[in-house]
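Participant: Kindly generate the corresponding structure for this input.
(chains A and B)
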Amino acid sequence: SAVISQKPSRDICQRGTSLTIQCQVDSQVTMMFWYRQQPGQSLTLIATANQGSEATYESGFVIDKFPISRPNLTFSTLTVSNMSPEDSSIYLCSGGDRGGYGYTFGSGTRLTVV
Amino acid sequence: SQQGEEDPQALSIQEGENATMNCSYKTSINNLQWYRQNSGRGLVHLILIRSNEREKHSGRLRVTLDTSKKSSSLLITASRAADTASYFCATDPGGTSYGKLTFGQGTILTVHP
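Facilitator: Next up is the predicted model:
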């Protein structure tokens, strides 16, 4: 199965600033996704990263706040814009293909906004 | 909002004992998956069961799926201290939403040596 390198692993940011998180997959994958895990909570899907086109966002998430890029089948970025303390969470990317083998996750980015 | 509910929320057992976690969901699915997360890090895929399957095994893991009750269970046999982690079920609706996983709230498993 694919291996995903995610960085940074953690960051402490000032409110009002932006942070870009990167995920690099060691092989081409059809699908890539971004999730948020708030403290002590489960994972919530933010958006589907579409290769070469605009991401598809889930209810409650908007492009202006979470712009996503996916220039090819092995790389994607998520930017958390104009951050507030409520954005403090773990952000995770995942990737995989159809076929019933599950998805590989990056190791997560633990973001703290102060 | 999360549609999956897991119970128990926390489970504490001794090494060598079996651990059973349950998951319920609300909508139709293509498949259901179980993941493990250690200390708030990345998730590791454990096992996937399709909607037309009732039981699946992988090593010390046994998963059951009852689509009529919209529920699944994960059994870990002969648990080890290294199994200490959070366990999440995740449903995949398939179709045009294939891959868009909805996660349960998770079960925190602690295995004491």
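
Participant: mind checking the backbone torsions on the residue most central in space within chain A?
Facilitator: For chain A, A:Trp34 is the residue whose C-alpha lies nearest the centre (CA atoms, centre = their mean; 3.4 Å). The phi/psi pair for A:Trp34 (degrees, to the nearest 10) reads phi -120, psi 130.

Participant: is it true that it touches A:Gly95?
Facilitator: No - A:Trp34 is beyond contact range of A:Gly95, at 10.4 Å (criterion: CB atoms under 8 Å). Where you see a C-beta, it was placed from the backbone N, CA and C, and this is true even at glycine.

Participant: mind checking how far B:Leu48 is from A:Gly96?
Facilitator: 10 Å (CB to CB, to the nearest Å).

Participant: Now do the shared contacts for these two.
Facilitator: Residues touching both B:Leu48 and A:Gly96 (CB atoms under 8 Å, 6 or more residues apart in numbering or on different chains) are A:Gly102.

Participant: hmm, back to that, bridging residues for the residue nearest to the centre of chain A?
Facilitator: Counting by DSSP bridges, A:Trp34 forms beta bridges with A:Ala47, A:Cys93.

Participant: again, but for B:Ala19
Facilitator: Using DSSP bridges, the bridge partners assigned to B:Ala19 are B:Ile76.

Participant: Am I right that it is in contact with B:Ile76?
Facilitator: Yes - in this structure, B:Ala19 is within contact of B:Ile76 by CB under 8 Å, at 4.5 Å.

Participant: So for the two, which sits in the more crowded spot?
Facilitator: B:Ile76 (24 against 21; other CB atoms under 10 Å in any protein chain shown).

Participant: List the contacts of the more buried one.
Facilitator: Counted by CB under 8 Å, 6+ apart, B:Ile76 has contacts B:18-20, B:60-61, B:83, B:109.
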